[in-house]
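> structure of the sequence below:
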Amino acid sequence: MSRIFSQRFVVPPESIDIQRHVNNVEYVRWMQEAAIAHSTDLAWPMERYFAAHCGWVVRTHSIEYLRPALLGDPLRVLTWVASVGERSSTRKYVFWRESDRQVVVRAESLWVFVDLRTGLPRPILDDVRASFPVVADDTELETLLADA
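Next comes the predicted model:
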């Protein structure tokens, strides 16, 4: 099992902007959806966070748009945890177009772990920390894309 989460989808009409490519906002939405799906896959669905009165909020996003994605493009978003601190974690993303094997977007987010009752940062729970493998370099990503 890969430590990098992968999710496939086809670019739908509602994601296309007036310039006939994927609107920038869509990538942020897809990043959040992939992070939630990855967390759920690792036995941390939203309900489990709510029960523990904790969760994640984004402090920053950094997105590098390399190529446009168009209506109907088959994309795969790959995401992984690149580092974990006491109260925050860096998550990386790659959007890869399957039809021509091109990376269209590279991104990362700094997620902060918070107490849902106060909204304030708190230390990451040991159970959460233990559930998310850290992928500190791009070697596994490069192998995954080469084998795809």
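> the nearest residue to Val128 once chain neighbours are set aside: how many residues sit nearby?
Leaving aside its sequence neighbours, Val128 sits nearest to Trp44 (C-beta to C-beta, 6 or more residues apart in numbering; 6.4 Å). Heads up, the C-betas are built off the backbone N, CA and C, glycines and all. Around Trp44 there are 20 other residues, counting by other C-beta atoms under 10 Å.
> can you confirm Trp44 is in a helix?
No: membership of Trp44 in a helix is not supported by DSSP: H, G, I helix; E, B strand; the rest coil, which gives coil.
> and it, what are its phi and psi?
In this entry, Trp44 is assigned phi and psi values of phi -120, psi 70 (degrees, to the nearest 10).
> please report how far it lies from Lys92.
Taken as C-beta to C-beta, to the nearest Å, the spacing of Trp44 relative to Lys92 amounts to 18 Å.
> got the buried residues for the worst-scoring helix or strand of the chain on mean pLDDT?
Taking mean pLDDT, DSSP states H and E as the measure, the helices and strands of the chain show their lowest mean at helix 139-147, namely a mean of 81. Of the residues in helix 139-147, those buried by neighbour count under the rule 16 or more other C-beta atoms under 10 Å are 140-141, 144-145.
> where do the helices sit along the protein?
Counting by DSSP state H, the segments of the chain that form helices are 24-41, 46-51, 126-131, 139-147.
> right, and those helices - which one's nearest Asp73?
Nearest to Asp73, of all the helices of the chain, is helix 24-41, at 11.8 Å by C-beta to C-beta.
> alpha carbons of the closest one, as CSV, please.
C-alpha atoms of helix 24-41 as CSV (Å, rounded to 0.1, in the frame of the first residue of the first chain):
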residue,chain,number,x,y,z
ASN,A,24,-8.0,28.1,-10.0
VAL,A,25,-10.5,27.8,-7.1
GLU,A,26,-11.3,24.3,-8.2
TYR,A,27,-7.8,23.1,-7.3
VAL,A,28,-8.2,24.3,-3.7
ARG,A,29,-11.6,22.5,-3.4
TRP,A,30,-10.1,19.3,-4.9
MET,A,31,-7.1,19.6,-2.5
GLN,A,32,-9.4,19.8,0.5
GLU,A,33,-11.5,16.9,-0.8
ALA,A,34,-8.4,14.8,-1.3
ALA,A,35,-7.1,15.6,2.2
ILE,A,36,-10.4,14.6,3.7
ALA,A,37,-10.6,11.4,1.6
HIS,A,38,-7.0,10.5,2.6
SER,A,39,-7.8,11.1,6.3
THR,A,40,-10.9,8.9,6.0
ASP,A,41,-8.8,6.2,4.3
